[in-house]
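J.: got a structure for you, letters missing:
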């Protein structure tokens, strides 16, 4: 990990070098878990896995999204107002930030870990 996930100013860069430990589907949003930190996609994510494009919640997207488990983030992009992207080698996970994609006032959250190592806003939180 190149930076501190609990520093909200580091944003996605804090996830570089971390492995996805879980993909969670919570009603109408998706979370990527990183053994502590959680990246929450409140707008419908898109991506490419194994050369196949997917768009949540379209058929087949859940199957492709669970394949990110065990993959390590090797790069990221933050384009304020447009999208957040995590790179996993040839695979890509994108959270759109534009007004047309957001389902509410927020598009994504990055939640850090507290002193006990549990996921908590007390450990820092970045909101897009």
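T.: Looks like it arrived, so ask away. Note that the coordinates shown come from a computational prediction; the quantities given were computed from them, not determined experimentally.

J.: can you list the weak-confidence ranges in this protein?
T.: For the chain, the stretches with pLDDT under 70 are 1-9.

J.: can you give me the strands in it?
T.: 22-26, 29-33, 38-41, 46-49, 52-55, 75-79, 83-88, 91-96, 108-111, 125-127 (DSSP state E).

J.: Centroid-nearest residue for this protein?
T.: Most central in the chain under CA atoms, centre = their mean is residue 39, positioned 3.9 Å from the mean C-alpha point.

J.: can you tell me which residues contact that one?
T.: When contacts are counted by CB atoms under 8 Å, 6 or more residues apart in numbering, residue 39 touches 12, 15, 31, 32, 86, 95, 108, 109, 110. For the C-beta atoms, the positions are set from N, CA and C on the backbone; glycine is no exception.

J.: Neighbour count and distance to residue 60 for the residues you listed - can I get that in JSON lines?
T.: JSON lines is the format used below for these (neighbours: other CB atoms under 10 Å; distance: CB to CB, whole Å):
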{"residue": "12", "neighbour count": "22", "distance to residue 60": "26"}
{"residue": "15", "neighbour count": "24", "distance to residue 60": "25"}
{"residue": "31", "neighbour count": "17", "distance to residue 60": "19"}
{"residue": "32", "neighbour count": "26", "distance to residue 60": "18"}
{"residue": "86", "neighbour count": "25", "distance to residue 60": "20"}
{"residue": "95", "neighbour count": "27", "distance to residue 60": "19"}
{"residue": "108", "neighbour count": "23", "distance to residue 60": "23"}
{"residue": "109", "neighbour count": "17", "distance to residue 60": "26"}
{"residue": "110", "neighbour count": "23", "distance to residue 60": "27"}
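
J.: Can you give me the distance of the residue nearest to the centre of the chain to residue 112?
T.: Counting by CB to CB, to the nearest Å, the separation of residue 39 from residue 112 is 11 Å.
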